[in-house]
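**Student:** Pasting the sequence and the predicted coordinates here, then a few questions.
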Amino acid sequence: MMQPKVNIVHLHRQEGEMSDQMIEATTSPAQIVQQAAKKYLGISNAPGCCIAVYDEKSFGTKGYVYPKGLSGVAGSSPAPFSVTTDTVFEIGSVTKVFTSTLLAVAVKAGGPSLDDTIGPYLNLFSAKAVGTPVLDAIQLVQFATHTSGMPEQPGDGLTGYSEQLFADEPPSGELINWWNQYDTPPQGCWQYSNIGFVTLGFAVTQMFAKDKGHNYNEILAEYVTGPLGMKQTGAVVNSSWKIAQGCIGHWSKSAEPPYQIVFDRNTPTGGTAFDLKTTGDDMIRFLAAQIAAPNGALGSQIALTQQNHGTFPVCGENTSVTMGLAWQITTDTQGHTVFTKNGATSRGGFEAIVIVVPELQCGVAVLSNQYFDASGVHPAGIGPGRTALEIISQLHPGFELTEPLSEHDPFD
């Protein structure tokens, strides 16, 4: 079976939308997405968003991309423009799915096995041995499923450790020193790890012949985004791209009953995270490929990332997580397999989520240029995950997850 041809429906214009009364009377799939975008911006006060929906029942083999709002905080500099389908947003930890897809490409090409250890790849970064016996023995699949034993962040003052990876440069001396002192083996449980996935990313750059060790964007374009037709996805932005500007959302709780949560302001970050950036147009192609697997472009490689690689207890908790390679796997109440990955960047000020339900031939990506502290005061339902789930449930009545989505983890 060939990969479905993606015919993108662009909605650059935002004016002239139907009234709420008309939408309630004759709600089309497109209007469901429009309403969801309006509701999301109304709850979150985010400057703008772009929603990509691939749903064969609703749109045939067409992708539907709907932009709404502004590219940045009103009155900020550079002057914001109306979000379009090709406006570029940061995607934070959704980047991990692209890293795991590169790993799958290498595996399917006859390179490493997922059970191989990471040591031989890290050792290529220096004439001297890199890492420790503990680090060198951790398997690639353990990094890709967050079971390596590495912490979420490295600590010890090591910041910006992913900058070199996404700038196509070798790892910094500080990161190599951290590897050379690493002494925590896998604990047999799941611990979300940004530093673990960056370590895996550096190992992946040694699996491809071209510019080994400093080639992330090169190999991503050649082996993943290029074959999928994603023209504006990468960590290094092109000067011709229309770039959204992120912000941090702030709320407070009133001191008097009923203690309402009140929006205070959005603060432009003026910064950029070390991660991938993409557009609604590109994400529709990504969603189509996820749904087509194991057929279509990169079908077998994507299928490997979607394969169930185990259910693991969460370290220190009484819950468990089922993992693909970077994907978290759950089900809905009707038994459909659901793949989810969210992301956020506090440095850049963005949120993103991707939810794919292959059996329903449905996938949704929500891109937003607002970040919020999930542990701080904020309204319920502010995250883009709620928006994505509402769209799927309205397009496919009865759809409901059996467990809540995880909170976002900033990846800078």
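**Tutor:** Cool, the structure landed. Numbers count the residues shown, from 1 in each chain.

**Student:** Gly160: neighbour count?
**Tutor:** 12 (other C-beta atoms under 10 Å). Heads up, the C-betas are built off the backbone N, CA and C, glycines and all.

**Student:** again, but for Pro120
**Tutor:** Count around Pro120 with other C-beta under 10 Å applied: 12.

**Student:** go on, Lys57?
**Tutor:** 11.

**Student:** Tell me, what's the model's pLDDT at Gly270?
**Tutor:** Gly270 carries a pLDDT score of 90 in this model.

**Student:** Oops, could you answer that again for Ala25 instead?
**Tutor:** 47.

**Student:** need the next SSE after the helix or strand containing Leu220, C-terminal direction.
**Tutor:** The secondary structure element spanning Leu220 is helix 216-220 (assigned by DSSP states H and E). Moving toward the C-terminus from helix 216-220, the next helix or strand (DSSP H and E) is helix 226-228.

**Student:** if you average pLDDT over whatever helix or strand comes next after that following helix, what comes out?
**Tutor:** Downstream of helix 226-228, the first helix or strand assigned by DSSP H and E is strand 242-243. Mean pLDDT, computed over strand 242-243, is 97.

**Student:** Show me what strand 242-243 is in contact with.
**Tutor:** When contacts are defined by C-beta atoms under 8 Å, 6 or more residues apart in numbering, strand 242-243 is touched by residues 71, 81, 84, 86-88, 237, 277.

**Student:** what are the pairing partners of it, and which direction each?
**Tutor:** Its sheet considered, strand 242-243 pairs with strand 87-90 (parallel) by DSSP bridges.

**Student:** And the partner strand, how far out from the chain middle?
**Tutor:** Averaging C-alpha positions (C-alpha atoms, centre = their mean, to the nearest Å) puts strand 87-90 12 Å from its chain's average.

**Student:** pull the CA atoms of it into PDB?
**Tutor:** Extracted C-alpha coordinates of strand 87-90, given in PDB (Å, rounded to 0.1, in the frame of the first residue of the first chain):
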ATOM      1  CA  THR A  87       4.700  29.600  10.700                       C
ATOM      2  CA  VAL A  88       7.600  27.900  12.600                       C
ATOM      3  CA  PHE A  89       7.100  26.800  16.200                       C
ATOM      4  CA  GLU A  90       9.500  25.100  18.600                       C
END
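
**Student:** Residues contacting it, please?
**Tutor:** Contacts for strand 87-90 (C-beta under 8 Å, 6+ apart): 48, 50, 67, 71, 232, 237, 241-244, 246, 272-273, 275-280, 345, 348, 350, 352, 367-369.

**Student:** ok, 7 Å please
**Tutor:** 50, 67, 71, 232, 237, 241-244, 246, 273, 275, 277-279, 345, 348, 350, 352, 367, 369 (C-beta atoms under 7 Å, 6 or more residues apart in numbering).

**Student:** Ala297 and Val224, how far apart?
**Tutor:** Taking C-beta to C-beta, to the nearest Å as the measure, Ala297 falls 10 Å from Val224.

**Student:** Same question for Ser406.
**Tutor:** 24 Å.

**Student:** where do the strands sit along the stretch 301-412 of the chain?
**Tutor:** Along the stretch 301-412 of the chain, counting by DSSP state E, counting those that start in this stretch, strands occupy 311-313, 320-323, 328-331, 337-345, 350-357, 362-368.

**Student:** Which among the ones you listed is found nearest to Ser375?
**Tutor:** Across the strands of the stretch 301-412 of the chain, Ser375 has its closest neighbour in strand 337-345 (12.2 Å, C-beta to C-beta).

**Student:** Buried residues of the closest one, list them for me.
**Tutor:** Using 16 or more other C-beta atoms under 10 Å as the test for burial, strand 337-345 gives 337-345.

**Student:** for stretch 389-405, same thing?
**Tutor:** 389-392, 394-396, 399, 401, 405.

**Student:** And stretch 363-374, by the same measure?
**Tutor:** 363-372.

**Student:** before we move on, what about stretch 150-169?
**Tutor:** Quick answer for stretch 150-169 (16+ other C-beta under 10 Å): 150, 153-154, 161-166, 168.

**Student:** Could you list the low-pLDDT ranges of the stretch 301-412 of the chain?
**Tutor:** 407-412 (pLDDT under 70).
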